[in-house]
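Enquirer: sequence and predicted structure are below.
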Amino acid sequence: MKALVIRSPHHMQLEEMEAQPLGPHDVRVRSKAVGICGTDLEIYEGQISSDFVKYPVVPGHEWSGMVVECGSEVTSVRPGDRVIAEGLLSCGSCAYCREGRTNLCHQYDQLGFTRPGGGAELVIVPARAVHRIPNEVSYEAAVLIEPAATVLRGIMKTPLQPGMKAVIIGPGTLGLLTVQLLKAFGVDAICLIGRRNEQLELGRSIGASHFVNSRIMDVHAAIQVWTEGQGADLIVETSGSEEAVRLSMELARSGGHIVLTGVAGTGKKLVVESDYMMLRDLTVHGIFSYTTKSWHQALRLLEARKLELEALITHRFSIDQYEEAFEALRNKTKPTVKIVMLHDGEELSP
């Protein structure tokens, strides 16, 4: 089978690989579409700690496909099913897994990091991590359930309610998914902050009530006017930059909630005046990945047609065009949200 392999930092190529034997509780899936994000670029550039990535690695933690073979003990899916799979494979038996906090598993494996992901034509996944997708949802759109499950877990840690005012920093994939998820929970007053008008306009078209272009507007002044001097009830920060995290704390009202979903990168530090947080009674939620529970919740929202995922796909490439795909992710000369690569046999949409 053909697979996209990152042999070491800055060395990526398509290779022929042997298909591995299937275990009794496993499923073999023919990958159809694979999304790439900033984390994949960091793996390529060697910016992820060796604690989390094992080279050579087949990338692709956001992906979808069709079941082609099931292990002898598998009854939950069958060949021909259209599926997505959790990338973070928890052990199911450690203390965190027993609590339902599968994202903090002591012994997890991860597709695209420590074992082959959707960049391979055929991917082996434990059946417990595989979920069917509705027929009306394209393979391309389905790759966005993975980041949606992460954002969903973050916002559900906060007291979501109609009438609250929410600010989202960053109109990328996570930020635009947050717009849709907040709308699904009845939050209508949503302000999106970013630097590209095209992505901000996209955010408004899928549910944001306001946006602020930080290149040309005073963000603090704009949010003060919008919140009538109170600050926002909820801030969701999706970029991971120190500047944006500080901004989150400055824009939140006293007693507000801040959700941090952006990854800063290995070695990055944030210095915060502790009294600033304490005296304003701020609650900060650090969010690492999704849980099996939030994955199921995201799928239910998709089935209820609360998520418009197709609108977030801005670039499509064949897997053979992996160099162009990663270059588009790196340079972002055009407005970029989700980049998807398609395996052979899947037609590129316009």
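Expert: Happy to help now that I have it.

Enquirer: when you work out contacts or count neighbours from here on, use the C-alpha atoms and nothing else.
Expert: Fine.

Enquirer: sketch out the low-pLDDT regions of this protein for me.
Expert: Regions of the chain meeting the criterion pLDDT under 70 cover residues 265-267, 345-350.

Enquirer: what do you get if the cut-off is 90, keeping everything else the same?
Expert: For the chain, the stretches with pLDDT under 90 are 47-52, 106, 240-242, 262-277, 332-335, 344-350.

Enquirer: domains in it, by residue range?
Expert: Following automatic domain parsing, the chain resolves into domains at 2-144+309-342, 149-286.

Enquirer: so where do the strands sit in the stretch 101-250 of the chain?
Expert: 109-110, 122-126, 130-132, 165-169, 189-194, 210-213, 232-237 (DSSP state E, counting those that start in this stretch).

Enquirer: can you redo those as a markdown table with mean neighbour count and distance to residue 250?
Expert: Output for these, formatted as a markdown table (neighbours: other CA atoms under 10 Å; distance: least, CA to CA, whole Å):
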| stretch | mean neighbour count | distance to residue 250 |
| --- | --- | --- |
| strand 109-110 | 18 | 35 |
| strand 122-126 | 23 | 43 |
| strand 130-132 | 19 | 40 |
| strand 165-169 | 25 | 12 |
| strand 189-194 | 24 | 14 |
| strand 210-213 | 19 | 15 |
| strand 232-237 | 27 | 10 |
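
Enquirer: so which of those strands gets nearest residue 271?
Expert: Evaluated over the strands of the stretch 101-250 of the chain, closeness to residue 271 peaks at strand 232-237, with 16.4 Å, by CA to CA.

Enquirer: okay, now the sheet partners of the closest one, with direction.
Expert: Pairing partners of strand 232-237, with direction, according to DSSP bridges: strand 165-169 (parallel), strand 252-260 (parallel).

Enquirer: quick one, which of those strands gets closest to residue 159.
Expert: Comparing the strands paired with strand 232-237 under CA to CA, the one sitting nearest is strand 252-260, at 8.5 Å.

Enquirer: got the contact list for the closest one?
Expert: 154-155, 158, 230-238, 240, 245, 248-249, 280-287 (CA atoms under 8 Å, 6 or more residues apart in numbering).

Enquirer: please repeat the previous calculation with a cut-off of 6 Å.
Expert: 230-237, 280-287 (CA atoms under 6 Å, 6 or more residues apart in numbering).

Enquirer: pick the one among those closest to residue 328.
Expert: Proximity of the contacts of strand 252-260 to residue 328, judged by CA to CA, is greatest for residue 237, which lies at 23.1 Å.

Enquirer: would a markdown table of the strands of the stretch 101-250 of the chain with distance to residue 223 be doable?
Expert: Output for the strands of the stretch 101-250 of the chain, formatted as a markdown table (distance: least, CA to CA, whole Å):
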| stretch | distance to residue 223 |
| --- | --- |
| strand 109-110 | 39 |
| strand 122-126 | 45 |
| strand 130-132 | 40 |
| strand 165-169 | 9 |
| strand 189-194 | 8 |
| strand 210-213 | 9 |
| strand 232-237 | 8 |
